[in-house]
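**Student:** Output the structure for:
(2 chains)
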2 protein chains.
Amino acid sequence: MTLTVDTSGTVTTPAGFTAVGLAAGIKQSDVKDLALVVNEGPDSVAAAVFTSNRVCAAPVVFSRNAVSDGHLRAVVLNSGGANACTGADGLDDTVRTAAAVAAELDCDAMDVAVCSTGLIGVRLPMVALLGGVTSAALALSANGGLDAAKAIMTTDSVPKTASHTSAAGWSIGGMAKGAGMLAPALATMLVVLTTDARVKPMVLDRALRAATAQSLDRIDSDGCQSTNDTVLVLSSGASDQEPAAEEFTEALTAVCFDLAMQLLADAEGAQHEIAITVTGAVSEADALLVAREIARNNLFKCAVFGNDPNWGRVLAAVGVTHAVFDPERLDVRFNEVPVYTAGAIDVDRSEVDLSDRQVELLVNLNAGAQMATVWTNDLTYEYVRENAEYSS
Amino acid sequence: MTLTVDTSGTVTTPAGFTAVGLAAGIKQSDVKDLALVVNEGPDSVAAAVFTSNRVCAAPVVFSRNAVSDGHLRAVVLNSGGANACTGADGLDDTVRTAAAVAAELDCDAMDVAVCSTGLIGVRLPMVALLGGVTSAALALSANGGLDAAKAIMTTDSVPKTASHTSAAGWSIGGMAKGAGMLAPALATMLVVLTTDARVKPMVLDRALRAATAQSLDRIDSDGCQSTNDTVLVLSSGASDQEPAAEEFTEALTAVCFDLAMQLLADAEGAQHEIAITVTGAVSEADALLVAREIARNNLFKCAVFGNDPNWGRVLAAVGVTHAVFDPERLDVRFNEVPVYTAGAIDVDRSEVDLSDRQVELLVNLNAGAQMATVWTNDLTYEYVRENAEYSS
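**Tutor:** Model (predicted):
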């Protein structure tokens, strides 16, 4: 990624957006738990990607419908409750939330997306939430991006924001929470992206799918998929500039990638961030398949926690996939040290130093010319503790 | 399983078998590390199933060939080294081991199966191993079954043996080590079964595949597959009785099931044994798919460690499968308490007591009439510690 990304930028960096984050009393503690991001126009183009989990939460069901026409006026987000597995009543709560925002903004409820994160299987405290919506509408500000990012935090230790401003002057801003497919308890991934570039609905949808496929979709801790994962992008067109689709996609990818790396770095309990690159694959799909299999292998992840460059566990993970490769032609490198080359032991594993937080694993299938990288964390005591003690 | 299984029986319980376990010096410590099981006849029928991992160890490559004609005279097993990822030299070591056993028994090397377990990627100490083979051949005994079971232990805390004797008088014996697909470090699953029933090669092969499919294949901790997993069955025919295929298969399944439960109970670091039963599936394959997905879900397994009957994580695991079900018709029960019924919260989770070591999870897909059970363990600090500190 050669584009400059500014982590002090937020969803209100692009022109045409206001936002707010406040404590509505959804959480027991007196912290921010409600965020509102409003597209003030002139355009109201939007696109989204959602969890592929078939057991998905009410706000996902609702927002998937709301964005299906390629337009949204606003996004309301709450922490303190996922509103998942709450049945018809839960869906009704989501509809009432969207309607309350729509009433404040004088738009249709189907122009409002809703995102929720927190405990599964409990109803949201609607009096507090609806009161919060009224307060939020009054407090919207062109500088509210950081507060909004704070209000969606659950077990996150820091708010996560980023922006990119093009040479031409249009910009993209974003905020993220949780760890998505990193998936510690409560860690639904919610991402809201904003832009003042003019982008047609079809172009915005394609750009978002391309950007997330290369970034947020490639961080993978344990393969567990949340019921609530949502990534939204809103275009105000307020810059009155319409970049080429490729240029816009590249910039959106850069912002998504930066947010993804912020999520990875804040994954609860992790001691290492591991970049798993698979090269020499006959297809990118094959490379991804192998990289994800390694990323989900508990034995490998425990070994990295123990600073052990255990190439045997890497090979065992590669071996369970149906990717095209010859077991006798595999290469494995840890932090550039070739520990296994052409199906045989190479440099002794004691030469590998895994004491740094960043680990680079490279597997060459020697079967083709395609490659892919997946990022994950190690499996630690802390991961077990957090996911044993917290409910979700 | 209504058949009686005796855990004091071993591979030498059936007539026509001798065995031995001794310290050959393969391991640094002075513990038993070499086992030999010999079929003294009159028959020498055999069958086997092996790991489906494409990166498999030299002894698996060799033994798959050796057993392919449906006959084996003996099995030699070592702990202290897996002989995996050791290339052509490693395969040569396996061939030399089989040849040494064959020379002692005056048979062909291709009538000897070889099993190894321990570290991946290191050569075996062949002087010690071959010396051990000579000593083992001299010490073979009709009472050597327990010593053999001890010699194949790695991180196992107890030897695992079982037998079943039919009313007609023929019997099946067995030993097991490790935890196979339970897969803690070093825990390759090796199982040797013996019988004095007369069984034709095709019948024995089918019986073994049926028995393991309902037992050893259904214990699954983290989805990691070893490079060395091997299950062998040898028939001496010494009882001169030929049971019906179904009767024999039922007995073999009972012995395999008992050994599987012993492996589960000895899984390193586990605090709970979890039986995951999926009912109401349109096919057994669908039921297995869902049960395995739950069994491999780290968030669910951490929750059980924390005594949390987290049905939300169960539903999220079910939701990522492509099994046939309607998300709004799912039922979840923990230890018979219906916490989620017909897509809605039912009895409060606080009514569930997970303090016992045995946990029963039941998921009803309400889509058909098929079912399956998979057994797994919880994810604990101890699991992480053992797999971070030990190499394999």
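
**Student:** CA atoms for contacts and neighbours, from now on please.
**Tutor:** Noted.

**Student:** first vs last residue of stretch A:70-85, how far apart are they?
**Tutor:** Taking Cα to Cα, to the nearest Å, stretch A:70-85 runs 27 Å from one end to the other.

**Student:** Give me the residue ranges of the stretch 51-200 of chain A where confidence is low.
**Tutor:** Applying pLDDT under 70 to the stretch 51-200 of chain A flags residues A:179-187.

**Student:** Counting neighbours, what do you get for A:C256?
**Tutor:** 32 (other Cα atoms under 10 Å in any protein chain shown).

**Student:** Equivalent analysis for the one 3 residues further on, please.
**Tutor:** For A:L259, the neighbour count with other Cα under 10 Å is 25.

**Student:** try A:G280
**Tutor:** Count around A:G280 with other Cα under 10 Å applied: 22.

**Student:** Doesn't it belong to a strand?
**Tutor:** Yes: assessed with DSSP: H, G, I helix; E, B strand; the rest coil, A:G280 lies in a strand.

**Student:** who's in contact with it?
**Tutor:** Applying Cα atoms under 8 Å, 6 or more residues apart in numbering or on different chains to A:G280 gives the contacts A:A287, A:N364, A:L365, A:N366, A:A367, A:G368, A:A369, A:Q370, A:M371.

**Student:** ok, 10 Å please
**Tutor:** By Cα atoms under 10 Å, 6 or more residues apart in numbering or on different chains, the contact set of A:G280 is A:286-287, A:324-325, A:330-331, A:363-372.

**Student:** now swap in A:T161 and tell me
**Tutor:** A:6-11, A:145-146, A:148-150, A:173-177, A:191-193, A:255-256, A:258-259, A:262.

**Student:** out of the residues you listed, which are buried?
**Tutor:** Buried positions within those, assessed by neighbour count (16 or more other Cα atoms under 10 Å in any protein chain shown), are A:7, A:9-11, A:145-146, A:148-150, A:173-177, A:191-193, A:255-256, A:258-259, A:262.

**Student:** Looking at those residues, which are in helices?
**Tutor:** Secondary structure from DSSP state H places A:G145, A:L146, A:A148, A:A149, A:K150, A:V255, A:C256, A:D258, A:L259, A:Q262 of the buried ones among the contacts of A:T161 in helices.

**Student:** and which of those is nearest to chain B?
**Tutor:** A:Q262 (21.7 Å; Cα to the nearest Cα).

**Student:** now the closest one, nearest residue through space, not along the chain?
**Tutor:** A:K160 (6.6 Å; Cα to Cα, 6 or more residues apart in numbering or on different chains).

**Student:** any idea how far the one you found lies from chain B?
**Tutor:** Applying Cα to the nearest Cα, to the nearest Å, the value for A:K160 to chain B is 24 Å.

**Student:** That residue is in contact with A:L193, isn't it?
**Tutor:** No: assessed by Cα atoms under 10 Å, A:K160 is found out of contact with A:L193, at 11.9 Å.

**Student:** any idea where the helices of the stretch 101-250 of chain A begin and end?
**Tutor:** A:126-139, A:145-151, A:201-213, A:245-265 (DSSP state H, counting those that start in this stretch).

**Student:** Out of the ones you listed, flag the one nearest A:D108.
**Tutor:** Closest to A:D108 of the helices of the stretch 101-250 of chain A is helix A:126-139 (Cα to Cα; 15.2 Å).

**Student:** at contact distance from chain B, anything in stretch A:49-64?
**Tutor:** Yes: remark: stretch A:49-64 sits within contact range of chain B at A:T51, A:S52, A:N53, A:R54, A:V55, A:C56, by Cα under 10 Å from any Cα of the partner chain.

**Student:** Nice, that's everything, thank you.
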